[in-house]
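coordinates only, sequence not included:
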């Protein structure tokens, strides 16, 4: 069995978690390097690889050392929002098959540079957007492909996740969200909700996003949280003003006429919710209660609507890909209930086979650029901002490629 010789760059909560939950259990890969800017993360995870996988694993603080090693075939990049695009570019320049973790871009130009580097080198790169592999998003995708929504008119999604504790303890946890929330104001984490919607709407493969408008609410949640927890919060944050608005709403217009609504909601009390919704002329899907409403259902009880339609989409579960129909308990432990494992398994399989990645460089650029463009729109009072066509017109000819 040929093993894929890999390196992991970035071993914070995401990269380290994936190493422990998924990569260390794969028999057809060999982790040659662990790399992080913090020595303890790099060193401790290299030791973990030796103990769990049985091979010698080097650790380094310099990712360019990894790229200089000809034995390394593939690199997965789990570093901060500020660095992951640059490192992915360097990986492609070095000819290493690249997997890049999600997060918003800081500028339009860095997204163009990512695309240009791929087009110049043709080094395979996969955007590691795990929500495209989740059960409910894939069920809705298969419903869409079966025509159960009719003509799709609108999709929406959210990243609603109470991150106040994580953000305010960013210095102690060495987490980059802290510095971002202090100085930036935008849709900073768009791809979890946008990725699955983009696949359903064939973005970059027969459709594209044209423009967006973003608005941000006031920033009050983090300041209130700090004031309420002064005894346990880093005193440096007391009295700080935060740039990031508590709720950011972004509306996107597509070439084929659909609209997309995104919401970022991470700094006031709330429950985790991606609020993934698909609305069409013949049916709608609501992730919040796993409900499918057919176009034939003209009347319903407004008070009992959710109760009556709870899990009504479950009758169509046989449409799911085989990975979800046959999910095991081990699969569920690979991260986020299984979707992380299915995604990373596909990265490994296609890196070895040479098959095209379903989430490619054009997806990465067009989804991540939403962050930079939303910052511009918010700064201009909600003015419309054009979204670049990173395919340079090829979206009209590129063929659909679903993830599973």
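Now that the structure is in, tell me what you want to look at. Here the structure is a predicted model, which is why all the values come from computation and not from measurement.

now the strands for the stretch 301-404 of the chain?
For the stretch 301-404 of the chain, the strands defined by DSSP state E, counting those that start in this stretch occupy 385-386.

for stretch 27-36, which outside residues touch it?
Taking contacts as C-beta atoms under 8 Å, 6 or more residues apart in numbering, the residues outside stretch 27-36 that touch it are 1-12, 15, 19, 23-24, 41-43, 45-46, 49, 53, 55, 57-63, 65-66, 69, 71-72, 348, 352. Heads up, the C-betas are built off the backbone N, CA and C, glycines and all.

and the host helix or strand of residue 85, what does it pack against?
Following DSSP states H and E, one finds residue 85 within helix 84-93. Judged by 3 or more C-beta pairs under 8 Å, 6 or more residues apart in numbering; DSSP states H and E, helix 84-93 is in contact with helix 63-67, strand 74-77, strand 97-101, helix 108-121, strand 125-128.

how far off helix 108-121 does that helix point, in degrees?
Angle of helix 84-93 versus helix 108-121, following axes from the mean of the first three to the mean of the last three C-alpha atoms, to 10 degrees, is 10 degrees.

one step back: for residue 374, which of the helices and strands packed on helix 84-93 is the nearest?
Between residue 374 and these, the tightest spacing by C-beta to C-beta is seen for helix 108-121, at 11.8 Å.

the closest one - what's its average pLDDT?
Summarised as a single mean, pLDDT over helix 108-121 is 98.

same check on stretch 317-335?
97.

now do stretch 272-287
Stretch 272-287 comes out at a mean pLDDT of 97.

end to end on it, go ahead and measure it.
Start and end residues of stretch 272-287 are separated by 12 Å (C-alpha to C-alpha, to the nearest Å).

show me where the stretch 301-404 of the chain has helices.
For the stretch 301-404 of the chain, the helices defined by DSSP state H, counting those that start in this stretch cover 305-309, 322-325, 329-332, 339-353, 361-379.

next one: the last one to chain centre, how far?
Same thing as helix 361-379. With C-alpha atoms, centre = their mean, to the nearest Å as the basis, helix 361-379 stands 13 Å off its chain's centre.

wait, doesn't residue 79 sit right on residue 87?
Yes: if you go by C-beta atoms under 8 Å, residue 79 and residue 87 touch, sitting 5.8 Å apart.

what do these two both touch?
With C-beta under 8 Å, 6+ apart as the test, residue 79 and residue 87 both reach residue 9.

pLDDT weak spots in the stretch 301-404 of the chain?
301-303 (pLDDT under 70).

care to break the protein down by domain?
4-129, 132-324+361-396 (automatic domain parsing).

reformat the ones you listed into TSV and put mean neighbour count next to each item.
Formatted as TSV, those follow (neighbours: other C-beta atoms under 10 Å):
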stretch	mean neighbour count
domain 4-129	19
domain 132-324+361-396	18
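
circling back to that earlier point, out of the helices and strands packed on helix 84-93, nearest to residue 377?
Here helix 108-121 is closest among the helices and strands packed on helix 84-93 (C-beta to C-beta), at 12.6 Å.
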